[in-house]
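Peer 1: below are the sequence and a predicted model; questions follow.
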Amino acid sequence: MRAVWLHEFGGPEVLVPGEAPDPVAGPGQVVIEVAFVNVTFVETQFRASGQGPFRPELPMIPGNGVGGVISAIGDGVDPGLLGKRVVSSLRGSGGYAERVAVDAGQPVEVPGGLDLDLAVALLADGRTASMLVDRAGLTGGERVLVEAAAGGVGSVLVQLAKAAGATVVAAAGGAHKLELAADLGAEHVVDYRKPDWTDRVREAVGGVDVVFDGVGGEIGAAAFELVERGGRMFSYGLASGSWAEIPEAAAEARGVTVGAPAASTPEELRGFVQSALAKADAGALRPVIGQRFSLDKAADAHAAIASRGTVGKTLLVP
């Protein structure tokens, strides 16, 4: 089968298409015929430096999320799974390929009315956004600032926060991204590439009750200053290259809760995926797929994400 290999860490060009053995469904496993591959910002960081939540040995096939149809089953697996449309995480590697083998309990079935590409777009980003909104405990009337609001997670956060009754302020870079965030339901949009962006937020809503920080660095630190007493700030990404440095004393002085979302059990994470898929199937959540690349062009996909010019989810198509 065709796959994309990582033999060394470095720029996007280290992602090299090649051949790999077809996976076989062992006992308790299924093989998924991959139709779409989820590409995340975390994967671009891992490719560049080897840093990330997973550290498989090189050479390896990267990729942690796919969607497709179950085409083979191993011993002890329910034959009824054959032909099911599913999305699945892969525990860190193997996704940039035409086929993958996973434990039979890992895939999540895709609702019948939801296109498979949209389901893949929600596998990682819908799970993360759903977890963040759950942890934030949003209530109606709260003011929520979403950074990187046109990105994969941010575009879902805008919609979920809006559905929870919040007033959403979307921060992103450039007119096209701001238009997208407004179209998804943000009442106010600000360009955080401009030096006075925090002033624009204050003019629109005063302070904010919740920040979802997907950028980190100086942007995240500036967003913290907008959080009012007793508010919450959740960091889930570092598009800037570093986490926001928030002085603990400053947070305590204003009673602001700062942190990353707490780790979840596998069952809870699965539930967040199912929740996002169900909302999309019902028309209550619109995944944004901004760009697609053929599997052999995985390097181009990584380069596009690194350029900060992408919107929504980036997919590979085998």
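Peer 2: That came through, no problem.
Peer 1: make sure residue 216 is actually in contact with residue 236.
Peer 2: No: contact between residue 216 and residue 236 fails when scored by CB atoms under 8 Å: they sit 9.5 Å apart. From N, CA and C alone the C-beta is placed, and that goes for glycine too.
Peer 1: contacts only, for the most centrally placed residue in the chain.
Peer 2: Residue closest to the mean C-alpha point of the chain, counted by CA atoms, centre = their mean, is residue 125 at 2.8 Å. Residue 125 is in contact with 40, 152-153, 155-156, 287, 313, counting by CB atoms under 8 Å, 6 or more residues apart in numbering.
Peer 1: quick one: it and residue 119, what's the gap?
Peer 2: 11 Å (CB to CB, to the nearest Å).
Peer 1: compute the first-to-last residue distance for stretch 257-265.
Peer 2: With CA to CA, to the nearest Å applied, stretch 257-265 spans 22 Å between its terminal residues.
Peer 1: any idea how this structure splits into domains?
Peer 2: Using automatic domain parsing, the domain parsing of the chain gives 2-109+288-317, 127-259.
Peer 1: for those, give me CSV that also has mean neighbour count, mean pLDDT and distance to residue 270.
Peer 2: Shown next, in CSV, are those (neighbours: other CB atoms under 10 Å; pLDDT from 0 to 100; distance: least, CB to CB, whole Å):
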stretch, mean neighbour count, mean pLDDT, distance to residue 270
domain 2-109+288-317, 18, 95, 6
domain 127-259, 20, 95, 9
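Peer 1: who touches the helix or strand hosting residue 299?
Peer 2: Residue 299 belongs to helix 298-306 when assigned by DSSP states H and E. Outside helix 298-306, the residues within contact range by CB under 8 Å, 6+ apart are 4, 11-17, 39, 41, 43-44, 47, 96, 291, 293, 310, 314, 316.
Peer 1: from the contacts of residue 125, pick the one nearest residue 178.
Peer 2: Nearest to residue 178 among these is residue 155, at 12.1 Å by CB to CB.
Peer 1: so who does that closest one touch?
Peer 2: Going by CB under 8 Å, 6+ apart, residue 155 touches 125, 149, 180-181, 184, 287-288, 311-312.
Peer 1: try it again with 7 Å
Peer 2: For residue 155, the contacting residues are 149, 180, 184, 288, 312, by CB atoms under 7 Å, 6 or more residues apart in numbering.
Peer 1: equivalent analysis for residue 97, please.
Peer 2: Taking CB under 7 Å, 6+ apart as the test, what residue 97 contacts is 1, 3, 20, 34, 61.
Peer 1: ok, now with 10 Å
Peer 2: For residue 97, the contact set (CB atoms under 10 Å, 6 or more residues apart in numbering) comprises 1-5, 20, 22-23, 32, 34, 37, 61-63, 66, 90, 295, 316, 318.
Peer 1: of these, which belong to helices?
Peer 2: In helices, judged by DSSP state H, none of the contacts of residue 97 are found.
Peer 1: which ones among those residues lie within strands?
Peer 2: The strands, defined by DSSP state E, take in 2-5, 32, 34, 37, 66, 316 from those.
Peer 1: adding distance to residue 194, write those residues out as TSV.
Peer 2: Below are the ones in strands among the contacts of residue 97 laid out as TSV (distance: CB to CB, whole Å):
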residue	distance to residue 194
2	44
3	43
4	38
5	41
32	44
34	41
37	35
66	38
316	34
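Peer 1: which of the residues you listed sits closest to residue 192?
Peer 2: Looking across these and measuring by CB to CB, the closest to residue 192 is residue 316, at 28.7 Å.
Peer 1: what's near enough to touch the closest one?
Peer 2: Residue 316 touches 4, 34, 36-39, 63, 66, 95-97, 120, 292-298, 300-301, counting by CB under 10 Å, 6+ apart.
Peer 1: which residue comes closest to it once chain neighbours are left out?
Peer 2: Distance criterion CB to CB, 6 or more residues apart in numbering; nearest residue to residue 316, sequence neighbours excluded, is residue 37 at 3.8 Å.
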